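Curious how this folds, go ahead:
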Amino acid sequence: MITILKNADVYAPEHLGLRHVVVGGDRVLAILVDPPALQGIDVNIVDVHGQRLIPGLIDGHVHATGGGGESGPASRVPPIVLSSLTKAGITSCVGVLGTDCTTRTMRDLVARTHGLRAEGLSSWCWTGGYAVPVGTLTGSVRDDIAFVDAIIGVGELAISDHRSSQPTFDEVVRIAADCHVGGLMTGKAGVLHLHLGDGVRGLSLIRRALDETELPARTFHPTHVNRRRELFEEAIDLVKRGCTIDVTAFDPGDDGISVEDCVERFITDGLPLERLTISSDGSGCLPTFNAQGELVHMDIGRPGTITEALQALLRRGRPLSSILQPVTTSVASLLRLADKGRIAHGGCADLVVLGDDHAVVDVMARGRWMVRDGAVAVRGMFEGT
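Coordinates of the predicted model:
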């Protein structure tokens, strides 16, 4: 069936104005100024009534199998569920393993990635986790990227964190090199997605890699860089050298900086938004440790924090077209997801309708309605059981 989203105020993410978007199967067939005259064809017309239509959001850091484990087996966070992503307007995600890549395995992560695909999302994953050597599926980073469709790079390898394997410079650059070459061989992202902890070494390993190796800056994608203000300033220097940095949509506390303030900094300083991505750390644990490395508090990441950050920026008066890039085209470009992050002719039909209060009203993923009028239309197999 052909679906026409009529009278949509389209942000592609650039503002196109009032348009009529024609969807067939999982593709955008046309973006029209005038409504199409389709006769003799079964057509489903959805009048959006001038509400804003944006691309489906891309979350590059989701604990698809669940995170946690820092406080024993009972502290393992359950796997993420489909509707927690779709309700937030997320139609594409990349799964990670975190601290626990011992009881959580790449077999589990690849299986969950394919499960999310079967449930209607576009989904990929990083190979490995915090630890070095990288816990791959095939025994090789390059082989994982080359032969496992869902795997696009390595992550979230931990540095500057007491939970990391304390990797050496040589180990990190060798993994990065395998990512880079694996990406060249396959056309995949070929990115090393790096978890940053609170350690004083910060981003020194990446700076040294840029100084001493031939690896391109795009290979390194540090995340959680807004957890400390000093770390964010280090990350800004990497942006100026060509790296893309990832900020996490969580409560930054007194030491960190909010996603909204990170985006404001980029806009105010004229920094390239194509080198900023935003992720949720959905279903990951957000632990607080004391000076002895003992867990004193744990929270859980929520996919909805990405949407909440966008809403906060809109309430500050930022135009929608100026803030969508870090959750759409920036992620799609870095991860080499050619038909994601835009509303375009021939592109994937990942679409989100925003209401007057900036809330997510409708979500279409791969041409299928997942959320309608704010209510979940499609749930994962075991949701609600």
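
quick one: strands adjacent to the host helix or strand of V94?
V94 is part of strand 90-95 when elements are defined by DSSP states H and E. Applying DSSP bridges, strand 90-95 is found paired with strand 57-62 (parallel), strand 122-127 (parallel).

Can you tell me which of those is packed in deepest?
Ranked by mean neighbour count, the strands paired with strand 90-95 are led by strand 57-62 with a mean of 29 (mean count of other Cβ atoms under 10 Å). For every residue, glycine as well, the C-beta is placed using N, CA and C.

After that strand, which helix or strand is next?
Helices and strands here follow DSSP H and E; after strand 57-62, the next one along the chain is helix 82-86.

Name the residues of that following helix that are buried.
Using 16 or more other Cβ atoms under 10 Å as the test for burial, helix 82-86 gives L82, S83, S84, L85, T86.

got the CA positions of it in PDB?
The C-alpha trace of helix 82-86 is given here as PDB (Å, rounded to 0.1, in the frame of the first residue of the first chain):
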ATOM      1  CA  LEU A  82      11.600  -2.100  21.100                       C
ATOM      2  CA  SER A  83       9.100   0.400  22.300                       C
ATOM      3  CA  SER A  84      11.500   2.200  24.600                       C
ATOM      4  CA  LEU A  85      13.400   3.200  21.400                       C
ATOM      5  CA  THR A  86      10.400   3.900  19.100                       C
END
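
Name the residues that touch it?
Residues outside helix 82-86 that contact it (Cβ atoms under 8 Å, 6 or more residues apart in numbering): 59, 62, 91, 93, 116, 119-121, 282-283, 302-304, 363, 365, 370-371, 376, 378-380, 383.

burial measure for R318, as a count.
Neighbour count for R318, taken as other Cβ atoms under 10 Å: 16.

How is it assigned, secondary-structure-wise?
coil (DSSP: H, G, I helix; E, B strand; the rest coil).

need the contact list for it.
Taking Cβ under 8 Å, 6+ apart as the test, what R318 contacts is V263, E264, I267.

just G120 next, same as before
G120 neighbours (Cβ under 8 Å, 6+ apart): L82, T86, A365, R366, R368, M370, V378.

and if you look at I41?
I2.

again, but for S92
So S92 contacts G56, L57, I58, D59, L121, S122, S123, L337, K340, D350 (Cβ under 8 Å, 6+ apart).

at 6 Å instead, please
With Cβ atoms under 6 Å, 6 or more residues apart in numbering as the criterion, the residues that contact S92 are I58, S122, K340.

Could you do G190 as well?
Taking Cβ under 6 Å, 6+ apart as the test, what G190 contacts is G153, C179, H180, G182, G183.

quick revisit: got CSV for the strands paired with strand 90-95, with distance to R218 too?
Formatted as CSV, the entries for the strands paired with strand 90-95 read as follows, by distance: least, Cβ to Cβ, whole Å:
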stretch, distance to R218
strand 57-62, 14
strand 122-127, 15
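
For L238, which of these is the nearest?
The closest of the strands paired with strand 90-95 to L238 is strand 57-62. By Cβ to Cβ, the value is 16.8 Å.

Buried among the contacts of helix 82-86? Need that as a selection in ChimeraX.
For the buried members of those, the matching ChimeraX selection, counting by 16+ other Cβ under 10 Å, is:
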select :59,62,91,93,116,119,120,121,282,283,302,303,304,363,365,370,371,376,378,380
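
Next step: the contacts of helix 82-86 restricted to strands.
In this view, these that belong to strands under DSSP state E are D59, V62, T91, C93, V363, A365, M370, V371, V376.

The last one bridge partners, please.
Looking back up the chat, that one is V376. In this entry, V376 is beta-bridged to V371, by DSSP bridges.

ditto for the fifth one
The bridge-partner assignment for V363, based on DSSP bridges, gives V352, V371.

State the distance from it to P319.
22 Å (Cβ to Cβ, to the nearest Å).

could I get the buried residues of helix 82-86 as TSV with pLDDT?
Formatted as TSV, the buried residues of helix 82-86 follow (pLDDT from 0 to 100):
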residue	pLDDT
L82	97
S83	97
S84	96
L85	98
T86	98
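
if we take the residues you listed, which one ends up nearest to S333?
Nearest to S333 among the buried residues of helix 82-86, with distances taken as Cβ to Cβ, is L85, at 21.0 Å.

Quick check: the closest one vs V154, distance?
Using Cβ to Cβ, L85 is found at 23 Å from V154.

Please apply the same query to P319.
36 Å.

Same question for A332.
19 Å.

Looking at these two, which has the bigger crowd around it?
Each of A332 and V154 has its neighbours counted (other Cβ under 10 Å); V154 has more, 29 against 22.
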